[in-house]
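Peer 1: all I have is the shape, not the residue letters:
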């Protein structure tokens, strides 16, 4: 948990020191896009608070094998998130920028997932639930994952299609939203 959220905040701090506005959540957006991004931000802020409370309470009800699976999912999610932020470099943002320079990243972990940072979040959320098995944590994590997905579909993907056109469409046709590649015709 510390490594995952530490990476997130250290990346934001590093970019801030370089004059980069990392958080683009709700900025210069209106309507449904603004609502989804703000709701996503609020839910994503509440999840680590509830995760921390679950960690302190530590009253698991799932069997040991589920807790071990949760630990593995959390570690995998942290690794996926670290790889995604490293591959993005200074192009990484929380939310979609409506202005400014951005690049289409298709190398590194982005060869296997168009949204590895979100995949990382989802794996960490699943892992924390399996470790601490709180139903409120499950509900809030599921809501946050749903809001992440809606942000991708309604805000991020249309933006990338407008910004990069055919390059993004070709990439989208080769790499799945969360994990995997399409088969190439030989």
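Peer 2: Now that the structure is in, tell me what you want to look at. Model, not experiment: these values are computed from the prediction.
Peer 1: okay, and the residue most central in space within the chain sits in which element?
Peer 2: Ranked by distance to the mean C-alpha position of the chain (C-alpha atoms, centre = their mean), the top residue is residue 118 at 2.2 Å. Residue 118 is part of helix 116-132 when elements are defined by DSSP states H and E.
Peer 1: just to revisit the earlier point, ok, the residue nearest to the centre of the chain - contacts?
Peer 2: 148, 149, 152, 178 (C-beta atoms under 8 Å, 6 or more residues apart in numbering). From N, CA and C alone the C-beta is placed, and that goes for glycine too.
Peer 1: per-residue pLDDT, residue 24?
Peer 2: Looking at residue 24, its pLDDT stands at 63.
Peer 1: oops, could you answer that again for residue 87 instead?
Peer 2: Residue 87 is given a pLDDT of 90.
Peer 1: count the residues that sit near it.
Peer 2: Applying other C-beta atoms under 10 Å, we find 18 other residues in the vicinity of residue 87.
Peer 1: would you confirm that it contacts residue 107?
Peer 2: Yes. Contact status for residue 87 versus residue 107: in contact at 6.4 Å, counting by C-beta atoms under 8 Å.
Peer 1: pLDDT weak spots in the chain?
Peer 2: 15, 20-27, 91-101, 184-186 (pLDDT under 70).
Peer 1: for it, which segments count as helices?
Peer 2: Along the chain, counting by DSSP state H, helices occupy 2-17, 31-57, 64-88, 116-132, 135-151, 157-174.
Peer 1: can you redo those as a markdown table with distance to residue 103?
Peer 2: Listed next are these as a markdown table, based on distance: least, C-beta to C-beta, whole Å:
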| stretch | distance to residue 103 |
| --- | --- |
| helix 2-17 | 14 |
| helix 31-57 | 21 |
| helix 64-88 | 9 |
| helix 116-132 | 15 |
| helix 135-151 | 20 |
| helix 157-174 | 9 |
